[in-house]
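Visitor: With the input below, show me the fold.
(one chain, ligands or ions: 1)
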Amino acid sequence: MCRKKVQNNPAGMSSNEVNGVGVIPVVLVHGGAWAIPDDLVEDSKAGVQNAARAGYRTLEEAGGTALDAVVAAVCVLEDDPAFDAGTGSVLNEEGEVEMDSVVMEGRELKAGSIACVKNIKNPVKLARLVLEKTDHTMLVGEGANKFAKAMGMDEVPMSTLINAKAMEDFQNFKKFRKVVDHCFHSRSSGHDTVGAVAVDRHGNVACATSTGGISAKMVGRVGDSPIIGSGAYCDNASGAASTTGHGESIVKVTLARQVLYNMQNGDNAQQAAERAISYMSSRVNGSGGTIAVSKTGDIGISFSTERMAWAWAKSGSMHFGINPEEDFTVTS
Ligand code: ASP
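Guide: Here you go, the predicted structure:
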């Protein structure tokens, strides 16, 4: 398993409190766990740093909440064609973009998600509208698009969401009829789902995940990403997690909830993330990755794929990486 060594406090105890009166805000993002090809590495690393910076500014400079921060971070990733979410989404077997997203906040466990939506530039914003403006937690397909329209959200032409990489994947699929399960071991198929977790200075946590899914998926296929507890989960009582990887495996073990369950049982965020990824591997032979933050701001990053792009911003500094054991630092 690939994992990232993160320095939580030396005693191994979560301690992000400032004199017992607050929590040091942190935003942690990922750009998908898979065999990211070399030619995408630099764009992926830049993209996750931009997103973590945007999320952190929303928290620290704009006085936003953890929920505001994860949505801001994920919007940056959705707008970046290097990732499989929003612009840059992969295509289904009929050559169309169908996107899924979820957001959740940890104070009241309010959640909103959407699946199989088309022609939406920022699906995470639509998921947030489900959370804020409806009595429901999930809208799919036509209903979700109808709701977007009712909320005044503009539809964009599908062609504006499709980039050359997604098109090439689709052409390969048509040519070779690749099996989607092979995607996570293949260098040619992109599926860089994106996600973010954050904790604000009041100790509120939030999470968000967004994806175009898996290349050449069946029409109507919904993976783990928009499923509360699988693609993301959070609770102020323990922390927040966002996941990525083989959706059909992640759903079977409700991976994000697993991470929180591990934290509830005494793991710090890193241990919780590693244990959840190992469990998915041993239980259903699934590969993927997760990012997690505890309610006190400890960081957890773990992946069993070749690579996963991640970045986090806290107290004016930024950490990021993409290969196992990597941890670069810059001032944010
Ligand atoms: N989990 C996503 C899905 O199965 C894919 C990914 O994380 O890259 O839809």
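
Visitor: Tell me where the stretch 101-250 of the chain has strands.
Guide: Applying DSSP state E, counting those that start in this stretch to the stretch 101-250 of the chain gives strands spanning 111-117, 138-140, 194-199, 205-211, 232-235, 239-245.

Visitor: Show me where the stretch 1-150 of the chain dips below the pLDDT cut-off.
Guide: Where the stretch 1-150 of the chain drops to pLDDT under 70, the residues are 1-21.

Visitor: and the residue of the stretch 201-332 of the chain found nearest the ligand, what is it in contact with?
Guide: Of all residues in the stretch 201-332 of the chain, Gly247 sits closest to the ligand, at 2.3 Å by CB to the nearest ligand atom. Yep, even glycine has a C-beta here, placed from its N, CA and C like the rest. For Gly247, the contact set (CB atoms under 8 Å, 6 or more residues apart in numbering) comprises 213-214, 223-225, 230-231.

Visitor: what's the answer for Arg221, then?
Guide: Taking CB under 8 Å, 6+ apart as the criterion, Arg221 is in contact with 92, 98, 213-214.

Visitor: Which single one of those is nearest to Gly47?
Guide: Compare each of the contacts of Arg221 with Gly47 using CB to CB and the shortest gap goes to Gly213, at 18.6 Å.

Visitor: So that closest one is in contact with Asp100, correct?
Guide: Yes: judged on CB atoms under 8 Å, Gly213 makes contact with Asp100 at a distance of 6.4 Å.

Visitor: residues bridging contact with these two, i.e. touching both?
Guide: Where contact means CB under 8 Å, 6+ apart, the residues bridging Gly213 and Asp100 through contact with each are 222-223, 225.

Visitor: Let me know whether Leu139 touches Pro123 as I believe.
Guide: No: applying CB under 8 Å, one finds Leu139 not in contact with Pro123, separated by 11.2 Å.

Visitor: what is in contact with those two at once?
Guide: Shared contacts of Leu139 and Pro123, counting by CB under 8 Å, 6+ apart, come down to Ile114.

Visitor: who's more crowded, those two?
Guide: For Leu139 against Pro123, the residue with the higher neighbour count under other CB atoms under 10 Å is Pro123, and the figures read 31 against 24.

Visitor: In CSV: the shared contacts of Gly213 and Asp100, plus pLDDT and distance to the ligand.
Guide: Compiled in CSV, those are given as follows (pLDDT from 0 to 100; distance: CB to the nearest ligand atom, whole Å):
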residue, pLDDT, distance to the ligand
Val222, 97, 8
Gly223, 96, 3
Ser225, 98, 5
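
Visitor: can you pick the most crowded of the residues you listed?
Guide: Per-residue neighbour counts (other CB under 10 Å) across those peak at Ser225, which has 31 neighbours.

Visitor: distance of that residue from Asn285?
Guide: 20 Å (CB to CB, to the nearest Å).

Visitor: ok, now Thr254?
Guide: Distance, Thr254 to Asn285, using CB to CB: 16 Å.

Visitor: quick one, which of the two is more surrounded?
Guide: Taking Thr254 and Asn285 together and counting by other CB under 10 Å, Thr254 has the greater number of neighbours (21 against 9).

Visitor: Tally up the residues packed near the closest residue to the more buried one other than its chain neighbours, please.
Guide: Across the structure, with CB to CB, 6 or more residues apart in numbering as the measure, the residue nearest Thr254 apart from its sequence neighbours is Gly229 (4.6 Å). When neighbours are counted by other CB under 10 Å, Gly229 registers 21.

Visitor: show me the residues around Gly229 that make contact.
Guide: Contact partners of Gly229, counting by CB under 8 Å, 6+ apart, are 254, 256-257.

Visitor: how near is the nearest residue to Ala148 once chain neighbours are set aside to the ligand?
Guide: Residue nearest to Ala148 in three dimensions, not counting chain neighbours: Leu126, with 5.2 Å by CB to CB, 6+ apart. From Leu126 over to the ligand the distance is 17 Å, taken as CB to the nearest ligand atom, to the nearest Å.

Visitor: Test my guess that Leu126 contacts Ile114.
Guide: Yes: contact criterion CB under 8 Å: Leu126 and Ile114 qualify, at 5.1 Å.

Visitor: anything in contact with each of the two?
Guide: Between them, Leu126 and Ile114 share these contacting residues under CB under 8 Å, 6+ apart: 101, 144.
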